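> got a sequence here, can you model it:
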Amino acid sequence: MREALVISALRLLQLAVAAAVLTSSLQAQAATDIAWWHAMSGELGKQLEKLAADFNASQADYRIVPAYKGNYTETVTSAIFAFRSRSQPAIVQVNEVATATMTAAKGAIYPVYSMMRDMGEPFSLNDYLPAVSGYYTDASGNLLSFPFNSSTPILYYNKTMFRDAGLDPEAPPKTWPELGQAAKRLRDRGAACGFTTSWPSWIHVENFSAFHNLPLATRANGFAGLDAELTINNPLVVKHVAQLAEWQKTKLFDYSGRGQSAEPRFQNGECGIFIGSSATRADIKAFSKFEIGYGMMPYWPDVAGAPQNSIIGGATLWVLRDRPREEYKGVARFFAYLSQPGVQAAWHQNTGYLPVTRAAFELTRAQGFYDRNPGSAISFEEITLHPPTENSKGARLGSFVLIRGAIEDELEQAFAGHKSAQAALDAAVERGNKLLRQFERASPER
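Predicted structure coming up:
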């Protein structure tokens, strides 16, 4: 009898274990998978994966599944082809210069403001920094995509080289004339170049214009309509490019190429000053063997109202149509999670990207991060220097990836002395406007 009771108890235990396993399995199966295609590799990719893993661990209903698809162009292209075969992800990361292209694809995108409302998730545009969210809103101020990784250009300088050149290591140059003077002192002391920059168009045309409250194009930089025309061949941009070309002759300024190709020249001590993305701060700090100083972008002091505010680079998260409603409920929950101050603050601190909410900035400051990491607040201070204007909100121009390429082609002609600054910028405008007209003709809004 006793043995029978033991056997019976064991069977009951086995049944209970089996039931628990089955319940756990059913719960795991109940989680809705949500595909997120992205363009982040290396350390940034690891941080992105951590965001997804932390969200997945915070609840049991949804599972964000990140997938690296190459660079920004490759990621967007993959999403477009997938949409045609109805195998698109719910979320895709798209760089800021492709915003107009995504906005024009009305049948393919599910605007974030609509999705958050439809899925019943609390959402307030006022929580986000205007200089960030404004880049991704429509003409009525509705948020089209979710601000994710945003950066802005800042100035880095080599404090050791500044000391050796008799410059104040605690006083970064604030204006372009001051930068020219500092670069000359650095060159006189044997520096291979005074200063260099990354992302030529983003820094010397797009952000330069915003920082001096100048339009890039008509029609509110394209926000007010597809029939915009470039205005970057104006006297101030011409003056600035001409000065860079003049400095190039003696390597006070030394052009280092497109993208981030200039960054190693600062890290290895060739150039004493570097202007580049705030999001490269961690890499610069990790790979440079000297004390680094930080400052805002320079401005021309004879321009009334300058400096205004800088504009962002980076990318945003777009939601694609024709996925099951349950996935959209999970996407809305995920975006609400990403908006939490603690999540945003950690992302900002671990990557160097801007916090997209003021609450995340205040939390980061309260945690003492800015005190422990001098210079890490400059990007936030620069982009919030003044409320953005029509000229400093950003740009909404079609085919801007191609337009940026045309601008950089012409800047290189000026820096090499093959064209005057005026001729180069006139050519950039002519080439860019042709691309704008092609985009206009192909747009469904027409």
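> going forward, measure contacts and count neighbours with C-alpha atoms only.
Noted.
> and the strands in the stretch 151-300 of the chain?
Taking DSSP state E, counting those that start in this stretch, the strands of the stretch 151-300 of the chain run over residues 153-158, 193-197, 271-277, 292-295.
> and those as a markdown table, adding distance to residue 337, mean neighbour count and mean pLDDT?
Shown next, in a markdown table, are those (distance: least, CA to CA, whole Å; neighbours: other CA atoms under 10 Å; pLDDT from 0 to 100):
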| stretch | distance to residue 337 | mean neighbour count | mean pLDDT |
| --- | --- | --- | --- |
| strand 153-158 | 28 | 26 | 97 |
| strand 193-197 | 36 | 29 | 98 |
| strand 271-277 | 26 | 27 | 97 |
| strand 292-295 | 32 | 22 | 96 |
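> residue 95: which of those is closest?
Of all the strands of the stretch 151-300 of the chain, strand 271-277 sits nearest to residue 95, with 14.2 Å by CA to CA.
> which strands or helices does that closest one pack on?
Contacts defined by 3 or more CA pairs under 8 Å, 6 or more residues apart in numbering; DSSP states H and E place strand 271-277 against strand 153-158, helix 176-188, strand 193-197, helix 263-267.
> now do the buried residues in stretch 62-78.
Residues of stretch 62-78 classed as buried by neighbour count (16 or more other CA atoms under 10 Å): 62-70, 72, 75-76, 78.
> list of residues touching it?
With CA atoms under 8 Å, 6 or more residues apart in numbering as the test, stretch 62-78 has contacts from 31-41, 49, 52-53, 55-56, 92-95, 327, 330.
> quick one: contacts of stretch 342-359?
Stretch 342-359 has contacts (CA under 8 Å, 6+ apart) with 44, 47, 127-129, 132-133, 147-151, 278-282, 337-339, 341, 360-361, 363-364, 369, 376, 379-380.
> got the CA positions of that stretch in PDB?
Extracted C-alpha coordinates of stretch 342-359, given in PDB (Å, rounded to 0.1, in the frame of the first residue of the first chain):
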ATOM      1  CA  GLY A 342      16.100  55.600 -17.400                       C
ATOM      2  CA  VAL A 343      16.300  53.700 -20.700                       C
ATOM      3  CA  GLN A 344      17.000  56.900 -22.700                       C
ATOM      4  CA  ALA A 345      19.700  58.000 -20.200                       C
ATOM      5  CA  ALA A 346      21.500  54.700 -20.400                       C
ATOM      6  CA  TRP A 347      21.400  54.700 -24.200                       C
ATOM      7  CA  HIS A 348      22.800  58.300 -24.200                       C
ATOM      8  CA  GLN A 349      25.500  57.500 -21.700                       C
ATOM      9  CA  ASN A 350      26.600  54.200 -23.300                       C
ATOM     10  CA  THR A 351      26.600  55.400 -26.900                       C
ATOM     11  CA  GLY A 352      27.200  59.200 -27.000                       C
ATOM     12  CA  TYR A 353      24.000  59.800 -28.900                       C
ATOM     13  CA  LEU A 354      21.700  62.600 -27.700                       C
ATOM     14  CA  PRO A 355      19.000  61.900 -25.200                       C
ATOM     15  CA  VAL A 356      15.800  62.400 -27.100                       C
ATOM     16  CA  THR A 357      13.900  63.600 -24.100                       C
ATOM     17  CA  ARG A 358      14.700  66.400 -21.600                       C
ATOM     18  CA  ALA A 359      13.800  64.000 -18.700                       C
END
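> just the buried residues out of the contacts of stretch 342-359, in PyMOL syntax.
Buried residues among the contacts of stretch 342-359 (16+ other CA under 10 Å), as a PyMOL selection:
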select buried, resi 44+47+128+129+132+133+147+148+149+150+151+278+279+280+281+337+338+339+341+360+361+363+364+369+376+379+380
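> which ones among the contacts of stretch 342-359 map onto strands?
147-151 (DSSP state E).
> from those, which two are the most distant?
Greatest spatial distance among those (CA to CA): 147 and 151, at 10.9 Å.
> how near is the closest residue to residue 415 other than its chain neighbours to residue 421?
Excluding its sequence neighbours, the residue lying closest to residue 415 (CA to CA, 6 or more residues apart in numbering) is residue 245, at 4.6 Å. Using CA to CA, to the nearest Å, residue 245 is found at 8 Å from residue 421.
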